[in-house]
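*Asks:* predicted coordinates and the sequence they were generated for:
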Amino acid sequence: MTPSETHLAAARAALTHRDPLGAVREAEAAAAAGAGGAEPHWLTALGLAASGRPGMALVAAGRGEGHAPDDPRAALVCAAVAALSGKSEAAEVFAAAALDRDPACAAAHAVRAGLCLVAEDWDGADAAAAAGLLADPDHPACERIAELAGDPIDRMDPNACGLVVWEALVPDARDLARVPAAAAAAEGWGGWFPTA
């Protein structure tokens, strides 16, 4: 592995282990080591949003979108950043865009399910998770959401629910690595993002 690949792998692992600031540090180190493309920006955006810095996260998400304007993963990251920043309507728009670009993007359904969990809409969470599992029968976040939404005891446990919300809203390495066979062409989202 090159130094940039090592830092990217560490950033992905940090997100998986709920260490958002560690993910930001590693993603920035990857960019400094020469990692190109959208992924360093995606990882930075997710880490910033998860650590309560929505403005900076939006800037990073916009940079990632600029590198990959038609990639469903770019819209997915934007949906996650919006959801983590408490902007549910924007998250829905970006999740819909991810699904327009890639109808089999189970992680976009997971974001929608995560928003339902936050709102304690258990039926909505279950339906969104079911749609995600229809697209990808082995999607781990959708499986966990479906289990939680159907369990009246676990869903009232803040620790259990918090972990599943994290898994729902933060795309993992599997989601970010998935490249659809044919992404639909789509407009970029430049108007959503600050320019500085």
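*Replies:* Nice, thanks for sending it over. Numbering: from 1, shown residues only.

*Asks:* from here on, just use CA atoms for contacts and neighbour counts.
*Replies:* OK.

*Asks:* I'd like the mean pLDDT over stretch 89-106, please.
*Replies:* The average pLDDT within stretch 89-106 is 90.

*Asks:* correction: the previous question concerned stretch 130-142.
*Replies:* Rounded mean pLDDT across stretch 130-142 is 94.

*Asks:* quick one: the helices in this protein?
*Replies:* Assigned by DSSP state H, the chain shows helices spanning 3-16, 20-32, 39-50, 54-67, 72-84, 88-101, 106-118, 122-135, 140-149, 158-169, 173-177.

*Asks:* distance between the third one and the chain's centre?
*Replies:* A distance of 9 Å separates the centroid of the chain from that of helix 39-50, by C-alpha atoms, centre = their mean, to the nearest Å.

*Asks:* next one: the shortest one
*Replies:* Using C-alpha atoms, centre = their mean, the distance from the centre of helix 173-177 to the centre of the chain it belongs to is 9 Å.

*Asks:* as PDB, could you dump the C-alpha coordinates of it?
*Replies:* This file holds the C-alpha atoms of helix 173-177, laid out as PDB (Å, rounded to 0.1, in the frame of the first residue of the first chain):
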ATOM      1  CA  ALA A 173     -16.100   1.200   3.400                       C
ATOM      2  CA  ARG A 174     -18.400  -1.300   1.600                       C
ATOM      3  CA  ASP A 175     -20.800   1.400   0.600                       C
ATOM      4  CA  LEU A 176     -18.100   3.800  -0.600                       C
ATOM      5  CA  ALA A 177     -16.300   1.000  -2.500                       C
END
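
*Asks:* domain ranges for the protein?
*Replies:* Per the record, the chain has its domains at 1-69, 70-179, by automatic domain parsing.
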